[in-house]
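In: need a structure here:
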Amino acid sequence: MFAIGNLRSAPALLAAALALSAAPLAVAADAQHKPVEASLRSTHLKVGSHSLKVELAVSDEERSKGLMFRKSLGKDDGMLFVFDELGYHSMWMKDTLIPLSVAFLDGEGRILNIVDMEPQTLDTHSAAGPARYAIETNRGWFVERKVKPGDKVTGLPRAPE
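Out: Next comes the predicted model:
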């Protein structure tokens with residue numbers, strides 16, 4: 001039975017029904033604009049004797065975005081860039097909000113050089129030799145752990161041949 005008193009709440013019911021039917025559209029739109037980091041795979045590396053959890057930036061798109069637009073990074077977190085080929089790769093901090101350090105690694109996982117980088121700059125920071133990988137983490141992470149060029153990083157994924 002439908003009581004006459006319920007007819008007054010029909011506009012409220014209609015509004016609720018419309019809101020609920022629009023919810024999946026908002027979720028779908030949100031999913032299209034989700035941050036890249038939500039979909040990146042991660043792994044753990046040993047940098048010298050220290051553990052570091054890194055997200056993997058393997059594709060051109062992932063490497064291009066890197067850590068841009070992040071407001072923070074966990075204490076022992078970072079990003080591992082895997083390059084398609086050995087080269088004198090460079091990094092910059094365009095649209096990167098947090099100060100970072102980058103370590104460039106050769107194909108065997110040896111650290112070539114470590115550079116501190118300022119947020120939101122277009123300065124380029126380059127590998128000291130042919131690099132296959134780069135690790136970005138919070139600025140000072142390497143210094144605080146006494147990690148230096150020549151140290152070995154293990155647990156690296158295989159780079160493309």
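In: tell me which residues form a beta bridge with the nearest residue to Leu73 once chain neighbours are set aside?
Out: Of all residues not flanking Leu73 in the chain, Asn138 sits nearest, at 5.4 Å (CB to CB, 6 or more residues apart in numbering). For glycine as for every other residue, the C-beta is placed from the backbone atoms N, C-alpha and C. Note on Asn138: beta-bridge partners by DSSP bridges are Leu100.
In: Tell me, how many residues neighbour Asn138?
Out: Residues within reach of Asn138, counting by other CB atoms under 10 Å, total 18.
In: where along this protein do the strands fall?
Out: 42-47, 50-57, 77-87, 90-91, 100-105, 111-117, 125-126, 131-138, 153-154 (DSSP state E).
In: Report all helices and strands that the fourth one contacts.
Out: In other words, strand 90-91. If you count contacts as 3 or more CB pairs under 8 Å, 6 or more residues apart in numbering; DSSP states H and E, strand 90-91 packs onto strand 125-126.
In: what's the average pLDDT for the strand it packs on?
Out: Averaging pLDDT along strand 125-126 yields 98.
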